[in-house]
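Novice: The sequence and its predicted three-dimensional model are supplied below.
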Protein chains: 2
Amino acid sequence: MRTIEEAQQLIASHCGRFDPVTVTLADALGLVLADDVSSDLDLPPYSKALMDGYAIRAQDLVGGRAELAIAGEIVAGQAPWPDDRVISPGQAVRIMTGAPMPPGADAVVMIERTTTGSGRVAIREERVRPGQNVMGRGAEVSRGQVVLRTGSRLRPPEIGLLAAVGQSRVAVRPRPRVAIISTGNEIVEAHESPSPGQIRNSNGSMIVALVTRAGATPQYLGIARDTTDDLKRRATQGLEADILILSGGVSAGDLDLVPGVLRELGVREVFHKVDLKPGKPVWFGVVESPEVPSTLNAQPSTLVFGLPGNPVSVIVCFELFVRPAIRQILGLTPAVSPLVTATLSEDKNYRSDRPTYWPARLEFGDAGCSVRPVAWLGSPDLRATTEANGFIFFPPGDHKLRAGDSVQVLACDW
Amino acid sequence: MRTIEEAQQLIASHCGRFDPVTVTLADALGLVLADDVSSDLDLPPYSKALMDGYAIRAQDLVGGRAELAIAGEIVAGQAPWPDDRVISPGQAVRIMTGAPMPPGADAVVMIERTTTGSGRVAIREERVRPGQNVMGRGAEVSRGQVVLRTGSRLRPPEIGLLAAVGQSRVAVRPRPRVAIISTGNEIVEAHESPSPGQIRNSNGSMIVALVTRAGATPQYLGIARDTTDDLKRRATQGLEADILILSGGVSAGDLDLVPGVLRELGVREVFHKVDLKPGKPVWFGVVESPEVPSTLNAQPSTLVFGLPGNPVSVIVCFELFVRPAIRQILGLTPAVSPLVTATLSEDKNYRSDRPTYWPARLEFGDAGCSVRPVAWLGSPDLRATTEANGFIFFPPGDHKLRAGDSVQVLACDW
């Protein structure tokens, strides 16, 4: 039986890098850059006005005041002011926000501080410095500058910046494809009415949702019955994905066929069972790709997770083991999110012989994080878990915790 | 000129409820329930074993010990133990995790505490209480119980629970469709090379990304040139969506045609300009639907946002005004996310005549939140904003803030 940390390290050691893929900006949101990105131009490409007003020469003003001749008008999106028409001493040019500055001018006086009449503008400012209300050419980004580095996660500002520097397609780490199989003779789908002894398949839809939220692409392959043939057929299809998740069939019970069938399909067991509650029977293996040399960018082996059948065990094992694998393939760091320290908001006694994750409600307030364990009946009790947004970690032992004590929490940002 | 709060209240008063839509569980992730959901069965549907072991009668044990006759075996997913085969005193039944308990048995002894031989099982436990390692019928959910209420956000555990109680399709608040138009003669698309005086369209892709992250469905309608005809043509198409966002063309400049064109198209101006930096020229209007009576569930008017053209103004106005509208339509509460209190990690002097949002890096640690303002050149400076994950709010005035001071931060969870 492995510790949680050993299991996580074993998984990490099998999440080889996937080859980058090139996607459009519309598909890049949330993904991670696989290359540094440089700008092909200066931003702004010309010195530009940051206000509507008059472009002037700061030295023409005395104590913020002057009366200048209006030499023309510049509007954003029109052809720029000709380079040879340098603003002469005593001249001003009407300018719009975002428009290129005329040569010779070095500041903009906002329109509210001016009065115009008879081709002249009177300026009444407190003080005008060179550069005032002007953004110099290349001040934001200079041509050739690396604007985003390998490993950057692409959020809306990054997407906008990539567009600005001409990157309409970018190299990113791929979204892993994740096949999902529920197992068990007693399982029927959500739209069916269970007969006595049957229960509905909550794990299938839930794992699809967990995979989606983790940024991977789910493919649900249905319910495998507890026969070698049916399991083999569906698992063979699932092994075409980057990750295969099965739920159920990994305990020590007689019908728990999953580990045996996976071995027959050439999946090498890396570990079976982790010192953990809920989720102890979790199974992990890999299909090695012998034809691919083990270089940095080689397509890695398929990762196979056999999760226990109870839904809360599924959630805990997904968060502890599957999500870090997906994050590592996506290039997100850290792959394993650190636990959050929070203050218990009520007393809690707990005794366990295994490290335990207990569903809990985490609240972020101005005073930091507080956490309340929810009333929970054990690993089949999914309803209680809908009140939770995380899990308190209890080390093994006999715990008599009091309100105000610090605990560690696995936060689930669903 | 409106205050930020006035503007938010005016927007909220125009976000009427949309009619609920019915979607499959696969499409329900992240959406909000439009009805209470009850269970059509008990969960578990039968008293079930929580361990692999022997189902026994707790009263048969003395000091946790007994030697019992093995009366049979029950496996999860097989037909349940017949109701008329009640376990008699002195009998035990081999049982697997998740399997239905046989009538008469009231506890499970885990397999590790037993020894079997010659059709008998010897039990060596410390203490066995009735109900031990058993989850009673209906203990998680009883038939008819409301398991999720109107307004619940559907995360993975809720999706799993909905499947468990037979809800393969659910009524949710719809995702608003959001049309997006960039405006300006000086704008070219990301794949084009700008001529002198031109810049690339960062706002289009960025607003698509912001809308996606906010949970709505974006539809990008391209760049409208600064002509009444082109603007009118694209805006007419955009008004078929639930929300129309334009960027650029709302300042006081001569070519800022957006408000006039929208008025011609029957969009009623609700406000123009907010006391805010960056983002002061923001415009908001609505197309009323006169044929629809103003009932609670009526399809509301189309909401139209005219955002300023500079990309950081776009982000700030999106976060302050558009995101709350999307959240309200989606049924997410609160629509306007409260500011986060954080500790400045360095000194910062700032002077402003308007309430100002300054890009900043927020870090959540065990000691609470700290925030660092990023070096920022103003509303066109998107590159600086890629270092940020929020905006420090500076009220108007002259600020000489010191490291350790508390500030309010608009957190952006992209």
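Specialist: Cool, the structure landed.
Novice: now the strands: where do they sit in the stretch 51-200 of chain A?
Specialist: Along the stretch 51-200 of chain A, counting by DSSP state E, counting those that start in this stretch, strands occupy A:53-56, A:65-74, A:91-95, A:107-110, A:114-117, A:120-124, A:134-135, A:146-148, A:169-172, A:177-183, A:187-188, A:199-200.
Novice: Parallel or antiparallel, list what pairs with the first one.
Specialist: I take that to be strand A:53-56. strand A:91-95 (antiparallel), strand A:107-110 (antiparallel) (DSSP bridges).
Novice: how about a markdown table for these, with mean pLDDT and mean neighbour count added?
Specialist: C-beta: built from backbone N, CA, C; applies to glycine. Shown next, in a markdown table, are these (pLDDT from 0 to 100; neighbours: other Cβ atoms under 10 Å in any protein chain shown):
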| stretch | mean pLDDT | mean neighbour count |
| --- | --- | --- |
| strand A:91-95 | 95 | 25 |
| strand A:107-110 | 95 | 23 |
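Novice: Tell me which of the strands of the stretch 51-200 of chain A sits most buried.
Specialist: A comparison of the strands of the stretch 51-200 of chain A by mean neighbour count, using mean count of other Cβ atoms under 10 Å in any protein chain shown, puts strand A:53-56 on top with a mean of 28.
Novice: tell me the contacts of A:Ala209?
Specialist: A:Ala209 sits next to B:Leu25, B:Leu29, B:Arg155, B:Pro156, B:Ile159, B:Gly160 when contact means Cβ atoms under 8 Å, 6 or more residues apart in numbering or on different chains.
Novice: need the contact list for the second one.
Specialist: Which is B:Leu29. A:Ala209, A:Thr212, A:Arg213, B:Leu154, B:Arg155, B:Pro156, B:Ile159.
Novice: Return the set of buried residues in stretch A:47-60.
Specialist: Within stretch A:47-60, the residues scored as buried using 16 or more other Cβ atoms under 10 Å in any protein chain shown are A:47-58, A:60.
Novice: those helices in chain A, which residues are they?
Specialist: Ranges of helices within chain A are A:4-14, A:25-28, A:156-164, A:202-213, A:228-238, A:258-264, A:311-317, A:323-330, A:382-385, based on DSSP state H.
Novice: if I look at the nearest residue to A:Ala69 once chain neighbours are set aside, how far off is chain B?
Specialist: Residue nearest to A:Ala69 in three dimensions, not counting chain neighbours: A:Gln91, with 5.3 Å by Cβ to Cβ, 6 or more residues apart in numbering or on different chains. According to Cβ to the nearest Cβ, to the nearest Å, A:Gln91 and chain B sit 20 Å apart.
Novice: same question, A:Ile11
Specialist: Distance from A:Ile11 to chain B, by Cβ to the nearest Cβ: 20 Å.
Novice: Please apply the same query to A:Pro20.
Specialist: Between A:Pro20 and chain B the computed distance is 19 Å (Cβ to the nearest Cβ).
Novice: And for the closest residue to that residue other than its chain neighbours, the neighbour number?
Specialist: Excluding the flanking residues, the one nearest A:Pro20 by Cβ to Cβ, 6+ apart is A:Ala34, at 3.5 Å. Applying other Cβ atoms under 10 Å in any protein chain shown, we find 20 other residues in the vicinity of A:Ala34.
Novice: Run through the residues that contact A:Ala34.
Specialist: By Cβ under 8 Å, 6+ apart, the neighbours of A:Ala34 are A:Pro20, A:Thr150, A:Ala171, A:Val172, A:Arg173, A:Gly331.
Novice: ok, now with 6 Å
Specialist: By Cβ atoms under 6 Å, 6 or more residues apart in numbering or on different chains, the contact list for A:Ala34 reads A:Pro20, A:Ala171, A:Val172, A:Arg173.
Novice: Specify which member of those is nearest to B:Leu221.
Specialist: A:Val172 (25.8 Å; Cβ to Cβ).
Novice: now the closest one: how far from A:Gly30?
Specialist: Computed as Cβ to Cβ, to the nearest Å, the A:Val172 to A:Gly30 distance reads 9 Å.
Novice: on that earlier part again, can you redo the contacts of A:Ala34 as JSON lines with pLDDT?
Specialist: Below are the contacts of A:Ala34 laid out as JSON lines (pLDDT from 0 to 100):
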{"residue": "A:Pro20", "pLDDT": "94"}
{"residue": "A:Ala171", "pLDDT": "97"}
{"residue": "A:Val172", "pLDDT": "97"}
{"residue": "A:Arg173", "pLDDT": "96"}
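Novice: Tell me the one among these nearest to chain B.
Specialist: Proximity of those to chain B (Cβ to the nearest Cβ) peaks at A:Val172, which lies at 13.7 Å.
Novice: any idea how far that closest one is from A:Val211?
Specialist: In this view, A:Val172 and A:Val211 are 18 Å apart by Cβ to Cβ.
Novice: And for A:Asp40?
Specialist: A:Asp40 is 37 Å from A:Val211, by Cβ to Cβ.
Novice: Ok, A:Lys48 next?
Specialist: A:Lys48 is 45 Å from A:Val211, by Cβ to Cβ.
Novice: do A:Ser142 as well
Specialist: From A:Ser142 to A:Val211 the distance is 41 Å (Cβ to Cβ).
Novice: With A:Thr385 instead?
Specialist: 17 Å.
Novice: So out of everything in the stretch 301-414 of chain A, what residue is nearest chain B?
Specialist: Per Cβ to the nearest Cβ, A:Trp414 is where the stretch 301-414 of chain A lies closest to chain B, at 3.8 Å.
Novice: Go ahead and confirm that residue touches B:Arg155.
Specialist: Yes - using Cβ atoms under 6 Å, A:Trp414 is in contact with B:Arg155, at 3.8 Å.
Novice: one step back: closest one to A:Ser13 out of the contacts of A:Ala209, please.
Specialist: When the contacts of A:Ala209 are compared against A:Ser13 (criterion: Cβ to Cβ), the nearest one is B:Pro156, at 27.1 Å.
Novice: Mind listing residues that contact stretch A:62-72?
Specialist: A:60, A:90-93, A:119-128.
Novice: pLDDT wise, what is A:Asn297 at?
Specialist: Looking at A:Asn297, its pLDDT reads 41.
Novice: Next: A:Glu126.
Specialist: 87.
Novice: on that earlier part again, can you tell me which of the contacts of A:Ala209 lies closest to B:Gly368?
Specialist: B:Arg155 (25.6 Å).
Novice: show me the contacts for the closest one.
Specialist: A:Trp414.
Novice: related to what we said a few turns ago, can you name the two of the contacts of A:Ala209 that sit furthest apart?
Specialist: B:Leu25 and B:Arg155 (12.1 Å).
Novice: Number of residues surrounding the nearest residue to A:Phe18 once chain neighbours are set aside?
Specialist: Spatial nearest neighbour of A:Phe18, chain neighbours left out: A:Pro174 (5.2 Å); criterion: Cβ to Cβ, 6+ apart. Neighbours of A:Pro174 under the rule other Cβ under 10 Å: 19.
Novice: cool, A:Val23 as well?
Specialist: A:Val23 has 17 nearby residues by other Cβ under 10 Å.
Novice: how close does it get to chain B?
Specialist: 12 Å.
Novice: which residues does that residue contact?
Specialist: A:Val23 neighbours (Cβ under 6 Å, 6+ apart): A:Val172.
Novice: Kindly state the pLDDT recorded for it?
Specialist: Reported pLDDT for A:Val23: 97.
Novice: so it bridges to which residues?
Specialist: Residues in beta-bridge contact with A:Val23 (DSSP bridges): A:Val170.
Novice: now do the one 10 residues further on
Specialist: Assessed by DSSP bridges, A:Leu33 has beta-bridge partners A:Val172.
Novice: Also the one 5 residues further on?
Specialist: When assigned by DSSP bridges, A:Ser38 has beta-bridge partners A:Val146.
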